[in-house]
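**Q** below are the sequence and a predicted model; questions follow.
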Amino acid sequence: MKKIEAIFREEKLNDVKQALYNIGVYGMNVVEVRGHGRQGGIELIGRSGTYKVDLLPRIQMNIILSDHNLQKVIDTICEAARTGNKGDGIIFVYPVEDVIRIRTGERGKQALSYEGDIDTRKK
Amino acid sequence: MKKIEAIFREEKLNDVKQALYNIGVYGMNVVEVRGHGRQGGIELIGRSGTYKVDLLPRIQMNIILSDHNLQKVIDTICEAARTGNKGDGIIFVYPVEDVIRIRTGERGKQALSYEGDIDTRKK
Amino acid sequence: MKKIEAIFREEKLNDVKQALYNIGVYGMNVVEVRGHGRQGGIELIGRSGTYKVDLLPRIQMNIILSDHNLQKVIDTICEAARTGNKGDGIIFVYPVEDVIRIRTGERGKQALSYEGDIDTRKK
Amino acid sequence: MNAPINSGDTAWVLISTALVLMMTPALAFFYGGMVRKKNILSTLNLSFVMMALIGVQWVLFGYSLAFGKSQGGLIGGLNYLGFANVGETPNTDYAPTIPHLAFAAYQMMFAVITPALISGAFVERVRFKAYVIFSLLWATLVYSPVAHWVWAVGGFIRNLGALDFAGGTVVHITAGLSALAFALAIRKRRHFGNTAFEPHNIPFTVLGAGLLWAGWFGFNGGSALAANGLAVQAIVNSNSAAAAAALVWMLIAWRENKPSVLGIVTGAVVGLVAITPAAGFVTPLSAMAIGAIAAPISYYAIKLRHKFGLDESLDVMACHGTGGLWGAIATGIFASKAINPAGADGLLYGNGQLLVAQILGAVIAGAFAFGVTFTLAKVLQATVGLSVDERSEEVGLDISEHGERAYA
Amino acid sequence: MNAPINSGDTAWVLISTALVLMMTPALAFFYGGMVRKKNILSTLNLSFVMMALIGVQWVLFGYSLAFGKSQGGLIGGLNYLGFANVGETPNTDYAPTIPHLAFAAYQMMFAVITPALISGAFVERVRFKAYVIFSLLWATLVYSPVAHWVWAVGGFIRNLGALDFAGGTVVHITAGLSALAFALAIRKRRHFGNTAFEPHNIPFTVLGAGLLWAGWFGFNGGSALAANGLAVQAIVNSNSAAAAAALVWMLIAWRENKPSVLGIVTGAVVGLVAITPAAGFVTPLSAMAIGAIAAPISYYAIKLRHKFGLDESLDVMACHGTGGLWGAIATGIFASKAINPAGADGLLYGNGQLLVAQILGAVIAGAFAFGVTFTLAKVLQATVGLSVDERSEEVGLDISEHGERAYA
Amino acid sequence: MNAPINSGDTAWVLISTALVLMMTPALAFFYGGMVRKKNILSTLNLSFVMMALIGVQWVLFGYSLAFGKSQGGLIGGLNYLGFANVGETPNTDYAPTIPHLAFAAYQMMFAVITPALISGAFVERVRFKAYVIFSLLWATLVYSPVAHWVWAVGGFIRNLGALDFAGGTVVHITAGLSALAFALAIRKRRHFGNTAFEPHNIPFTVLGAGLLWAGWFGFNGGSALAANGLAVQAIVNSNSAAAAAALVWMLIAWRENKPSVLGIVTGAVVGLVAITPAAGFVTPLSAMAIGAIAAPISYYAIKLRHKFGLDESLDVMACHGTGGLWGAIATGIFASKAINPAGADGLLYGNGQLLVAQILGAVIAGAFAFGVTFTLAKVLQATVGLSVDERSEEVGLDISEHGERAYA
Ligand SMILES: Nc1ncnc2c1ncn2[C@@H]1O[C@H](COP(=O)(O)OP(=O)(O)O)[C@@H](O)[C@H]1O
Ligand SMILES: Nc1ncnc2c1ncn2[C@@H]1O[C@H](COP(=O)(O)OP(=O)(O)O)[C@@H](O)[C@H]1O
Ligand SMILES: Nc1ncnc2c1ncn2[C@@H]1O[C@H](COP(=O)(O)OP(=O)(O)O)[C@@H](O)[C@H]1O
């Protein structure tokens, strides 16, 4: 099992979420972060004149998933989140050792299955 | 050392935190996330009629701890966070390579000890 | 590649960020968390008298970086974030399996390079 | 010989002017709470900037077009351009006991808030430039004429015998119908219909509603143009209608599901809208009935709008348009000469003619506002463009139109 | 022969009516800032909905029960049901220079805010349905009678010679004691005592306090029912007491620790509460003394409440109850006929009788409010249920009672 | 023989008093929105606490020093200490138709808001203790004297023939120059110049601006001290200047880049500042010109301040100082006896003398305020300390000075 941490533009949240639902990925959570990368910052307008801000709002989406779905999900996110301008963001992949459903006590891959999800569909 | 990422209902924060203190787990941090899983979403009431929201507020609690405390902490969280309804949440376990206390420079397990904590109590 | 998760005092964000820019570390993102550790909590003042809060605001800064920069970044953060009082925070290090730039599709170390960054400078 | 100025009446009209002025920022928050975080400044500004834009327009020529010497009942003359001849002496046609300037200033606040009301139709995607041009033209081509028709001596709707105490037709019907027209002309928001647009700060909406309620005492009470019994009537009626409408809205929602706070405060505003034309002509119990009936009308009008898949985003038509129409009709039913001898009796008091005049006036004003607005919107769409591009919309208007972030 | 209507007095009472109306949303924010995020809409609504509920109740029968023809000094008759006979002619018993309707409308705003004040006792867990029923009954069974006793011609507490300029007893003592009674009847919030309930938005509380302070000029100043010297006295006294109380509160807190902003604004409100009954009877320097003394009383009353482990959540008793009681007593001490010949001299001016009447009036009203409220609460507990279940409480009342989230 | 009290005038001055009181919390939010989250309560309080502190100071001696019997044109005597001799009878020197106490209360609100205005210069680092001492001394050593010079019978600037209708010099110039002086004395905020200090809640600033605009109708309109034509003039002029300034500010910003909402609302406030001294002396069209010219002056003054690297944090000098200076000069240019016979003609009407008096008055008041403030600040720096230590600043003043967090 892997964890995907995808960091992308706030305004892409709807598009990315929808693209993931479309391929049957339902388990996810998101948090608002502020980040800095190749895009240095942006100019905002004040009372008079501008000022520069270097930490920009981004969405971090976390998805824990089975190894075999990894590439497809990465591709899907990249496609949905890309604008082509600096600041589109970045995806990190981490190893996951275990998963436990609080409600059911399911563990491992079993815990990562959702009704009508990507794995069900394949069948 | 492991990292636990427990995602559960906002309203359970107090209960989970208290349960962890009770067994001597003091190091933790929490962040508010919005998630989607087996629980599809909820209906909210607008001016007139309802609308559906599919990202629901959850607490993500992060605990870095020694391997031997892992199971006990997972069990404690599961018990305190469970309501039995869809949406109770999920726990992820990750490997941790190192820990450094900023103030003291302690590293590794040493850095994860707290006064009166679960390990002290065992003795 | 590694992930650094540094948790420190809110008010140190500017100092830490600046210290990292100074050594050529540009890729990062931050999120506001609330944490509990050796520092038990703080007293706040209410209408009349005080009350105790045990989850304190902290910044969590996430940096994904190449292994060879790990120690330097840890040292830089420790120095910039330390006040010497309880509650200074803690740094966690995790393994990272992969990195993908959404915009360019770059992967791995390549994806972690920034104009004028720590690695360019070394040369 | 000049009529003498009455200090009590003047004090009342001045403070009413301040109250109605305050309604524009109040509206800004009422609307602003309902949009997404990335559009809050833009939405606040769509209201706020009207205080600037119409604040200038009204003095320069807006007032003259509305209340200048009537040109055949259709439009005011140019005799008050730049507030020329608008001085400390009363204008006995409208307010014989206060300075003419006080009347003009009080009326200004109505001209300011009306285009702001319309802005609810197209928040979160409108191009700011198009909005500035639109509202300037709208104030000139719709507001001033309709105000003339309904309120000015010689105005042709006034001459029909139609009553509009405080702007049910002039303000709310024109705003509602224009909102509808604009919404039909502008594209929907991205993801409209698929994704819920959750209000980002309902307390702001409650704050706005609270201030609107208080401000409405100036809106309706001040329309008596004197601190007299009629002003008191108008205030009591306004409060009664608001209270009844909020209660009924709450009960409808409760029966269906749960009573949302957003619904309760919307109900109050709808009640205030509906009583506006009638405020100085009916009894408190009639006012309660008017408010109580307004609630389901707007409640189901919102549902209908959703059904049609129309992105008239903050339901200006459902709240102000239908609320105003019902108010116009209700005035034709409940008005009583016992309350205001300068008014007329309604259907309930045996006179059906008023109702006919009310409907006629409302329909003419509404149709005119709809037509001009739709035309204006289409022309602007073809020229400067009505809405921002989709990427700017996704980023949010605060950043894309104003270069700002509301919260840090 | 009718007394003539004075336009200045009418203007003043009308604007005071608007100011006091605005105090209810102001209170909503004052309270709302102090609760947790998940209960903000619920808390705002507990105040806001009173504008709707009592806005209807007062017109239908509340006013008549309070100010109708006295039935043996205990309750008003039914002669003003539905505002019948409440018209543009003055009611010379109460306000000889303004329309009777203006007096009735002004009084309405007091009836609206009083049950809203009580809501601070049980926020974050009360069942909305129980609250609606409770407040309707409370307004009818407690507010109207006590208003009658204290203010109506023939009212038995008034006949005792007790003074209450603007509602120290009628509003604040009844609200405070009822809050205490309700808190004793309803269960505590989960985790109360173990976990801190941090205020989620103190700026909202500051906003509320700021608007309350301004609104209080209408509350106390308007109680002169004319734009005269007495109104000015009341305003100056109100401001002086608020200022002194806020300052003293700040100093106490500073000596103990640090001066919290929440404390400073609370001090201001407590000063305004304490001066309410005395506002039209004392000098500005006496007003300062009254405010200055009110601060420590409430400050330590809050501490005491914590000590007792009582979850009277927003300290209505400590702020309004004890503030009101002290105000009643202070009126008995500091009142001076030199300021208001229609009043009486207090202890300081050599007359001990007033103090006795003041205490008697306060105790009777407080005990009555306490008793009826406790009974009502217990009956509601046994029937519809006073509080939501614990799970709903943890989820938050915004979601569980209204199906809404305040912020997105 | 006493002049009779006019109820309409009294009502107007009382409600203006409430409006100006409300401006202090409005200012709190105007400023509070622009600071960082960790300093919001501190910033709100810097304004709010003036209602407490100066509310007491003014009654005890502030008013007497300002409007007591003139001691050689320099300062008022002690005849009004503790509001002695300030009663219900009019003070015919200033306001012959309202109770003297109403005049004193109305004036109080100006004394309250002026030090609050200054606080914008040193938010986010000032030591609260130093601020309390400073503002008490400032009110006594700067505000009361300057108010005396400009407004009191016998005041030496008044005797120069300088006009200041509603406080352009007394309030805005003194506040602006004092802000400048204080900013030169106190250290900058940490990271100033390197890091952007993003406003944390611009909607709060918009809310503040909206309430300030409405409140200014009391500020300028109330300064007529009667509900007459002059009050109306002042209100129309205020609105016209605010509207024009906001529009022009928007256009300048738009040409440069994008029109920020923060800029638009700042423009409105600057327009209101600039018209303040002239409000009762000029025509609406002149008022528009005054506002329109004020916008670029302040706009570029802010840029200049940034260039100098001066941490006068919220631009009190650029907005109130230069706005006030321009207003004083503009009064010397645009004033017309046709509008106010009690005034004088300005340059445009062929009289150059007024302009000289205006400049003289402004310069004297400004220099005095600057000098005293700088001295006070330096003395406080050497004794209690002007600013908190850097660690406390980084933690934020809410926690370090008040032990609170605004949001949870
Ligand atoms: N090395 C990194 N560690 C952590 N987060 C990063 C890193 N690099 C980039 N990010 C995150 O990704 C976001 C976008 O990165 P950026 O380099 O600006 O995009 P792009 O690759 O399109 O130029 C940043 O704002 C930050 O949140
Ligand atoms: N695969 C996943 N990756 C990341 N977060 C997840 C995943 N699955 C669930 N979550 C998180 O857990 C929360 C609860 O999950 P859900 O499936 O609704 O609970 P339950 O198992 O009780 O039905 C979600 O809202 C989301 O935040
Ligand atoms: N075991 C842990 N797991 C997760 N987060 C932790 C852990 N220990 C500490 N933290 C985080 O670090 C912050 C500072 O820790 P604390 O122990 O108070 O600092 P110090 O080491 O200076 O005493 C905490 O508020 C919390 O956010």
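**A** That came in fine, so what should we check first? Ligands and ions are numbered 1, 2, ... in the order given.
**Q** where do the strands sit along chain A?
**A** Secondary structure of chain A by DSSP state E: the strands cover A:2-9, A:28-36, A:42-45, A:50-53, A:56-65, A:89-95, A:98-101.
**Q** looking at those, which is nearest to chain E?
**A** Closest to chain E of the strands of chain A is strand A:28-36 (C-beta to the nearest C-beta; 11.8 Å). Where C-beta positions appear, they are placed from N, C-alpha and C, glycine not excepted.
**Q** and the closest one, how far from the chain's centre?
**A** Mean-position distance between strand A:28-36 and its chain equals 8 Å (C-alpha atoms, centre = their mean, to the nearest Å).
**Q** check stretch A:20-32 too.
**A** Centroid separation between stretch A:20-32 and its chain, computed with C-alpha atoms, centre = their mean, is 7 Å.
**Q** and chain E, is stretch D:313-320 touching that?
**A** No - using C-beta under 8 Å from any C-beta of the partner chain, stretch D:313-320 stays clear of chain E, coming no nearer than 15.5 Å.
**Q** can you give the distance from that stretch to the centre of its chain?
**A** How far stretch D:313-320 lies from its chain's middle: 11 Å, per C-alpha atoms, centre = their mean.
**Q** and that stretch, C-alpha only, in PDB?
**A** Output of stretch D:313-320 as PDB, limited to C-alpha atoms (Å, rounded to 0.1, in the frame of the first residue of the first chain):
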ATOM      1  CA  SER D 313     -27.000  32.800  -7.800                       C
ATOM      2  CA  LEU D 314     -28.400  34.500  -4.700                       C
ATOM      3  CA  ASP D 315     -32.100  34.400  -5.600                       C
ATOM      4  CA  VAL D 316     -32.700  38.100  -6.100                       C
ATOM      5  CA  MET D 317     -35.800  37.300  -8.300                       C
ATOM      6  CA  ALA D 318     -37.200  34.800  -5.800                       C
ATOM      7  CA  CYS D 319     -36.700  37.100  -2.800                       C
ATOM      8  CA  HIS D 320     -37.000  40.600  -4.100                       C
END
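**Q** who are the contact partners of the residue in the stretch 251-400 of chain D that chain C sits nearest to?
**A** At 15.1 Å from chain C, residue D:391 is the closest residue in the stretch 251-400 of chain D, using C-beta to the nearest C-beta. Residue D:391 makes contact with A:11, A:83, according to C-beta atoms under 8 Å, 6 or more residues apart in numbering or on different chains.
**Q** any idea which element it lies in?
**A** Per DSSP states H and E: residue D:391 is located in helix D:390-395.
**Q** mind listing what's buried in that helix?
**A** The neighbour-count criterion (16 or more other C-beta atoms under 10 Å in any protein chain shown) identifies D:392-395 as the buried residues of helix D:390-395.
**Q** run through who's touching the lengthiest helix in chain A.
**A** Taking DSSP state H as the criterion, chain A has its longest helix at helix A:70-81. Outside helix A:70-81, the residues that touch it by C-beta under 8 Å, 6+ apart are A:2, A:4, A:6, A:8-9, A:12, A:15-16, A:18-20, A:23, A:25, A:61, A:63, A:65, A:88-89, A:91, A:93, A:118, C:100, C:102, C:105.
**Q** and residue A:84, how many neighbours does it have?
**A** Look at residue A:84: counted by other C-beta atoms under 10 Å in any protein chain shown, it has 8 neighbours.
**Q** hmm, I typed the wrong one, I wanted residue A:17.
**A** Counted with other C-beta under 10 Å, residue A:17 comes out at 21.
**Q** now it: how far from chain B?
**A** 8 Å (C-beta to the nearest C-beta, to the nearest Å).
**Q** got a pLDDT number for that residue?
**A** Among the per-residue scores, residue A:17 shows a pLDDT of 96.
**Q** check contacts around it.
**A** Taking C-beta under 8 Å, 6+ apart, we find residue A:17 in contact with A:28, B:36, B:54-55.
**Q** just flag the most distant two among those.
**A** Across those, the longest distance by C-beta to C-beta is 10.3 Å; it joins A:28 and B:54.
**Q** who's more crowded, these two?
**A** residue A:28 (23 against 16).
**Q** any figure for the gap between the more buried one and residue C:5?
**A** 20 Å (C-beta to C-beta, to the nearest Å).
**Q** again, but for residue D:20
**A** For residue D:20, the distance to residue C:5 - C-beta to C-beta - is 54 Å.
**Q** pick out the residue of chain A closest to ligand 2.
**A** As assessed by C-beta to the nearest ligand atom, ligand 2 sits closest to residue A:27 within chain A, at 2.4 Å.
**Q** okay, that residue and residue E:48: tell me how far apart.
**A** 39 Å.
**Q** and if you look at residue A:121?
**A** Distance, residue A:121 to residue E:48, by C-beta to C-beta: 49 Å.
**Q** the two: which has the busier surroundings?
**A** Between residue A:121 and residue E:48, counting by other C-beta under 10 Å, residue E:48 is the more crowded of the two (26 against 9).
**Q** how about the secondary structure of that one?
**A** Following DSSP: H, G, I helix; E, B strand; the rest coil, the label given to residue E:48 is helix.
**Q** so what's whichever residue of chain D sits closest to ligand 3 closest to, chain neighbours aside?
**A** Here chain D gets closest to ligand 3 at one residue, residue D:408, 22.1 Å apart by C-beta to the nearest ligand atom. Excluding the flanking residues, the one nearest residue D:408 by C-beta to C-beta, 6 or more residues apart in numbering or on different chains is residue F:198, at 3.9 Å.
**Q** look at the one you found and tell me its secondary structure.
**A** Assignment for residue F:198 (three-state DSSP): coil.
**Q** where does chain A get nearest to ligand 3, residue-wise?
**A** Residue nearest to ligand 3 within chain A: residue A:31 (15.3 Å; C-beta to the nearest ligand atom).
**Q** list the residues that contact that residue.
**A** Residue A:31 touches A:59-60, A:62, B:31-34, B:60, C:31, counting by C-beta under 8 Å, 6+ apart.
**Q** among those, which one lies nearest to residue E:189?
**A** Residue E:189 lies nearest to residue B:32 out of these, by C-beta to C-beta, at 21.0 Å.
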